[in-house]
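> need a structure here:
(2 chains)
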Amino acid sequence: MPEIIFQIAIIVTKIVILTFMVVLPLVPLSVYFERRFSAIIQDRVGPNRVGIPLTLLGFKKDFHFFGLIQPIADGLKLFLKEDFTPNHVRKAFYWMAPALTVVPALITVCVVPFGSPISIFGHSEKLVIADLDIGPLFIFSVASLSVYGITLAGWSSNSKFPFIGGVRSTAQMISYEIALGLSIIPVLMYYGDLNLSTIVQQQADHGWLLLPLWKNGHLGLPDLNTALFWFPAAIAFLIFTISIFAETNRMPFDLPECETELVGGYHTEYSSMKFAMFFMGEYAAMVIGSALIITLFLGGWSIGFGLDAWVSDLHIGDIYFGGLIHMGCFLTKLLAFILFFILVRWTVPRFRYDQLMKLGWVVFFEAALINVFLAALIVAAPQLKSVIITSGAVLLLIVTAAVIWVAKVSEDTTKVLRA
Amino acid sequence: MPSYLFWILSALMLMGGGAVIAFRNPVSSALSVVACFVGLAGLFIGLSAFFVGVIQILVYTGAVMVLFVFIIMLLDLKDEEKAAKPLLPIAAGVVLFVVFTVQLIGVLSRSPNKIAPDLSAKTLVLAANSFPPTSKIATTLSQGKLPDVHLIGHTLFTQNNLQLQILGVLLLVATIGVVVLSKRQAD
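Numbering: from 1, shown residues only, chains lettered A, B, ... in the order given. So this is what the prediction gives:
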């Protein structure tokens, strides 16, 4: 019995630390980054004042932490605002919707590997809450539930613009889920495994998927097959990253909350903390999306360049703490990727809705499918005869040309609008 | 699976199923189906069929039911009016219920009451012998883990390859059909 209690205690500690002390604080932090970074882009200063008002006590200067306290002030403000429920809403769904956007995003944290195993006094512990053998699929399936939150928010608000926002969001998320799922098939074929911890371990040993420059701890050029696989991997990375932008309703695909057309989108009728929960959901989804991209394509917690085995071996007595360094590396990569998300938001203008749908269905869907065949050809090539490889390559070229031709032909000619 | 988990998830499923017909609001009914599916996925995962459970959520809850909710919202259905209870449909429902119950009892009484082998590490290691020793399935099994995704893939692509291909073609035809139909309507 004590064994079980010990296990449960470890799991609860992991959930509390990884979900509520690592990922959740990243949400207000990325809001802060968003404001500061957009300010830099637009040549402003951004929030930099919140801190300890020492001038009130007669000192010369206020003490501000570069505005890092701003997120706390923002959160406090949202908590203390009046929580107004309009009269015309469908109450039960109206209350359920914000929770349904936040909860799935936080549940998906449980399969993300944050670092290599930590070992204390002979007891080894993986830095992942649930080491499932179906990691990416679990994230997709739970993340696909968050669409209910946005759809229900739009519908239960019982007014025009939120409803259009909700409908847009549903269509957008379902469309891009297909591209998202198809684009990582090459990656999964390459690893032959769905366990995210194993995937990261493989990348630590044999080079990141997009940077295969070391093998078994030694720097060096990759062999021909790995080098060739870089191309489908890069295509998959491109499609996956852009689809994540669409899935998380981020600019340039944030049409559900397109304020120039829809006032505020699906959260127009929400105020106070309920409104904040939609924001938390969006930013948490962004954090998890970045974590997934890093884990699959950019080595996860791996430091790279053959240093990982050495870092994992660092220890003081019986305490192997290399996992914490790996976790630091992971969080650094995560912050860098969040900054990339923010950079894209403030540089690329919003898409039109038909452009968004066309990109998803006509470009990404086909590109991802062709990419699957390309990757399969490269992965299977060492076992095949050269005749089969050549005929496969020719077939692939023909199919690609046919798909591009069909897409060109079926393109609608712009109609002249007449009154 | 611990039996209390089975009872909790089954209760969730039954409650979801009951709520579908109890609610008057179509959206509530659709969401009850979602709850029912989540319970079903939980049952699958409890039976170590992780892949089936996750696909259950991904396909049915995340895509099919979203489309249901989507359409119900677009149609803007009002709450269902309480109709006077006509006798014939109720009688038909009762008859159907009885027929299905009898059939279920018949099937259950004939099938041998065998307890499924426990998925302990020992049975898994033993099962590894029936696969080529260097394959991914064999190595995972001999570690005492169940490679359910690989096993499903292995079964589909070796034993049922033809059926799988036929299903794929069927889906492709359906997809093309949808595109053709929607294009024709647009003109």
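> okay, now the residue of chain B found nearest chain A: neighbour count?
Chain B approaches chain A most closely through B:Gly62 (2.9 Å), counting by Cβ to the nearest Cβ. For every residue, glycine as well, the C-beta is placed using N, CA and C. A count of nearby residues for B:Gly62, using other Cβ atoms under 10 Å in any protein chain shown, gives 26.
> Tell me where the chain has strands.
I'll assume chain A. Secondary structure of chain A by DSSP state E: the strands cover A:51-52, A:63-64, A:118-120, A:123-125, A:214-215, A:218-219, A:315-316, A:319-320.
> still on that earlier bit, who's in contact with the nearest residue to the residue of chain B closest to chain A once chain neighbours are set aside?
Distances taken as Cβ to Cβ, 6 or more residues apart in numbering or on different chains place A:Ser144 nearest to B:Gly62, at 2.9 Å, with adjacent residues excluded. Counting by Cβ atoms under 8 Å, 6 or more residues apart in numbering or on different chains, A:Ser144 touches A:173, A:177, B:57-58, B:61-63, B:66.
> Tell me who's in contact with the closest residue to A:Glu82 other than its chain neighbours.
Excluding its sequence neighbours, the residue lying closest to A:Glu82 (Cβ to Cβ, 6+ apart) is A:Ser272, at 6.3 Å. Contact analysis of A:Ser272 by Cβ under 8 Å, 6+ apart lists A:78-79, A:81-84.
> Please identify which pair of these lies farthest apart.
A:Phe79 and A:Phe84 (14.2 Å; Cβ to Cβ).
> B:Pro112: which of the contacts of A:Ser272 is nearest?
The shortest approach to B:Pro112 among the contacts of A:Ser272 belongs to A:Asp83, at 59.6 Å (Cβ to Cβ).
> The closest one: what's it in contact with?
For A:Asp83, the contact set (Cβ under 8 Å, 6+ apart) comprises A:271-274.
> and the spatially most central residue of chain B, how far is that from B:His150?
Centroid-nearest residue in chain B: B:Gln56, 5.5 Å away (criterion: Cα atoms, centre = their mean). To B:His150, B:Gln56 is 19 Å away according to Cβ to Cβ, to the nearest Å.
> residues contacting A:Phe231?
Residues in contact with A:Phe231, defined by Cβ under 8 Å, 6+ apart, are A:Leu374.
> Give me the subset of the contacts of A:Asp83 that lies in helices.
Within these, residues falling in helices by DSSP state H are A:272-274.
> between those, which is nearest chain B?
Closest approach between the ones in helices among the contacts of A:Asp83 and chain B, by Cβ to the nearest Cβ: A:Lys274, at 18.6 Å.
> Enumerate every residue touching the residue nearest to A:Ser38 when sequence neighbours are not counted.
Distances taken as Cβ to Cβ, 6+ apart place A:Trp346 nearest to A:Ser38, at 4.9 Å, with adjacent residues excluded. Contacts for A:Trp346 (Cβ under 8 Å, 6+ apart) come out as A:37-38, A:41-42, A:251.
> By neighbour count, which of the contacts of A:Asp83 wins?
A:Lys274 leads the contacts of A:Asp83 on contacts (other Cβ under 10 Å) with 20 neighbours.
> Let me see the contact set for the residue lying closest to it once chain neighbours are set aside.
Once flanking residues are discounted, A:Lys274 sits nearest to A:Pro98: 4.6 Å by Cβ to Cβ, 6+ apart. Contacts here follow Cβ under 8 Å, 6+ apart; on that basis A:Pro98 touches A:149, A:153, A:270, A:274-275, A:277-278, A:281.
> Report the two of the residues you listed separated the most.
A:Gly149 and A:Phe275 (12.8 Å).
> which of these two has more neighbours?
Neighbours were counted for A:Gly149 and for A:Phe275 using other Cβ under 10 Å; A:Gly149 has more, 25 against 18.
> Residue numbers of chain A in contact with chain B?
Within chain A, the residues that sit near chain B (Cβ under 8 Å from any Cβ of the partner chain) are A:93, A:132-134, A:137-138, A:140-142, A:144-145, A:147-148, A:151-152, A:155, A:163, A:166-167, A:170-171, A:173-174, A:177, A:192-194.
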